[in-house]
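**Student:** Return a 3D structure for these sequence lines:
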Amino acid sequence: MERSAQIVKVSIRGIAVNVLLVIFKSIVGFAANSISVILDAVNNLSDALSSIITIIGTKLAGKAPDKNHPYGHGRIEYLTSLVIAVIVLAAGASSLKESVEKIMEPSDTKFTIITVIVIVAAIFTKFFLGRYFIAQGKRLNSSSLTASGTDASFDAVISIATLVSAIISMTADINIEGWLGAVIAVFILKAGIEILRDTLNDIIGIRIDQELSVGVKMKVNSYPQVLGCYDLILHNYGPEENLGSLHIEVEDTMTARQIDELTRLITADIYKEFNVILTIGIYASNTHSPEAVEMKSYVTELIKQQKNIIGMHGFYINEMKNVVSFDLIYDFEEKDPNAVTEAIRTAMLEKYPEKTFYINIDRDFSD
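**Tutor:** Below is the predicted model of the structure:
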């Protein structure tokens, strides 16, 4: 079954469970005049709405690429998560308002054994539903399902608090409904903020997942003709659509035909194994040059003196033009990479005045 169909199937199950919980909690909440149970029911209603939005978003994200959207519509899934975050935040704000009113004007509650049974059942239901959603979200790489699972897990905690309120009310005749409702509202708001934060990170663009970046680099480096793999950059156009580029270093004696065969093989294998579409650039390596070895060693010693330079690659000497090229990879902590680069260029010119140095500034984009 394709990914989108599985996400829809999981979401439909979530809707069914949440609708049942809304019905039972609403009946119990109004019968007991319990604001915490009623707010718990409202929260479950927002969960059902979130699942409906997930289904709509998944369907839209699965649309085929077109002229105006050549990379597809996969990022709609991130917008879906954003909408879910807004719904959760709105539910939390509304719950907080109702709870404050309940604190200001408390009213009697009428909890019964039936109330307790329903709440206990809800706790177990939301706990297992949350685990199910999170597991499926990770398996299907769906931020919307993961967000719904996180929300459901918070619901289980909220229901536990409601259960405590019911027991206290029945045994000690103490009404803490308003205060408990406020606590519930804070939990809901916290969940909404966390979902919003994670979604905004996906939209803005975050560092490549370490497992993916290391896996791609290890695979590329496994080809005997590849002397090194650098500059991996991936752009995400949805959870299942990654496009990017990297450089490989090869001997400068390779022919264009040999390089073409190698890069075609690598791109096909990477797409098959990692579902990543790669564009590959080439760094030539001086195959038989004692001068290159000596000069590269000198650059290495220079960059060891700079704490924010992670490494160097792409080193090549064009002996006919007396031009030396290489890249310096800077940590994001370095605020003035241009000044450091110029200092290294100056040191290189002092030792090798007959050379021209082209030094490219790189950032630490991936592990």
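
**Student:** List the buried residues of whichever helix or strand Asn43 is part of.
**Tutor:** Element membership for Asn43 (DSSP states H and E) is helix 35-61. Within helix 35-61, the residues scored as buried using 16 or more other C-beta atoms under 10 Å are 35-51, 53-55, 57-58, 61. Placement of C-beta: from N, CA and C, glycine included.

**Student:** Now do the buried residues in the helix or strand following that helix.
**Tutor:** Using DSSP H and E, the helix or strand that follows helix 35-61 in sequence is helix 76-104. For helix 76-104, a neighbour-count test (16+ other C-beta under 10 Å) marks 76-85, 87-89, 91-92, 94-96, 98-99, 102 as buried.

**Student:** now for helix 76-104, which elements pack on it?
**Tutor:** helix 35-61, helix 143-172, helix 177-204 (3 or more C-beta pairs under 8 Å, 6 or more residues apart in numbering; DSSP states H and E).

**Student:** Those helices: lowest mean pLDDT?
**Tutor:** For the helices and strands packed on helix 76-104, the weakest mean pLDDT is recorded on helix 143-172, namely a mean of 75.

**Student:** and it, how far from the chain's centre?
**Tutor:** 26 Å (C-alpha atoms, centre = their mean, to the nearest Å).

**Student:** What is the burial count for the closest residue to Ser4 other than its chain neighbours?
**Tutor:** Among residues not flanking Ser4 along the chain, Gly62 sits closest, at 4.4 Å (C-beta to C-beta, 6 or more residues apart in numbering). Using other C-beta atoms under 10 Å, Gly62 has 20 neighbouring residues.

**Student:** Quick check, Gly62 in contact with His73.
**Tutor:** Yes - if you go by C-beta atoms under 8 Å, Gly62 and His73 touch, sitting 7.4 Å apart.

**Student:** measure Phe128 to Ala121 for me?
**Tutor:** Look at Phe128 and Ala121: by C-beta to C-beta, to the nearest Å, they are 11 Å apart.

**Student:** residue contacts, the closest residue to Thr356 other than its chain neighbours?
**Tutor:** Distances taken as C-beta to C-beta, 6+ apart place Val323 nearest to Thr356, at 4.9 Å, with adjacent residues excluded. The contact partners of Val323, by C-beta atoms under 8 Å, 6 or more residues apart in numbering, come to Ile317, Lys355, Thr356, Phe357, Tyr358.

**Student:** out of the residues you listed, who has the most neighbours?
**Tutor:** Ile317 (21 neighbours).

**Student:** helices or strands up against the helix or strand hosting that residue?
**Tutor:** In this structure, Ile317 is located in strand 309-318 according to DSSP H and E. Counting contacts by 3+ C-beta pairs under 8 Å, 6+ apart, strand 309-318 packs against strand 228-236, strand 242-251, strand 276-285, helix 290-304, strand 323-330.

**Student:** nearest to Thr341, of the ones you listed?
**Tutor:** Distance to Thr341, taken as C-beta to C-beta, is lowest for strand 323-330 among the helices and strands packed on strand 309-318, at 6.2 Å.

**Student:** Which secondary structure elements does the next helix or strand after the closest one sit against?
**Tutor:** Next helix or strand after strand 323-330 toward the C-terminus (DSSP H and E): helix 337-351. In terms of contacts (3+ C-beta pairs under 8 Å, 6+ apart), helix 337-351 is packed against helix 290-304, strand 323-330, strand 356-363.

**Student:** Now do the buried residues in the first one.
**Tutor:** By that I understand helix 290-304. Quick answer for helix 290-304 (16+ other C-beta under 10 Å): Ala292, Met295, Lys296, Val299, Leu302, Ile303.

**Student:** again, but for stretch 221-235
**Tutor:** For stretch 221-235, a neighbour-count test (16+ other C-beta under 10 Å) marks Val226, Leu227, Gly228, Cys229, Tyr230, Asp231, Leu232, Ile233, Leu234 as buried.

**Student:** does Tyr230 really touch Val220, like I thought?
**Tutor:** No - contact criterion C-beta under 8 Å: Tyr230 and Val220 do not qualify, at 9.7 Å.

**Student:** Now for these two: what residues contact both?
**Tutor:** In contact with both Tyr230 and Val220: Leu246, Ile248, using C-beta under 8 Å, 6+ apart.

**Student:** Give the full set of residues in contact with Ile84.
**Tutor:** By C-beta under 8 Å, 6+ apart, the contact set of Ile84 is Ser50, Ile53, Thr54, Ser144, Ala147, Ser148, Asp151, Ile195.

**Student:** Appreciated, that's everything.
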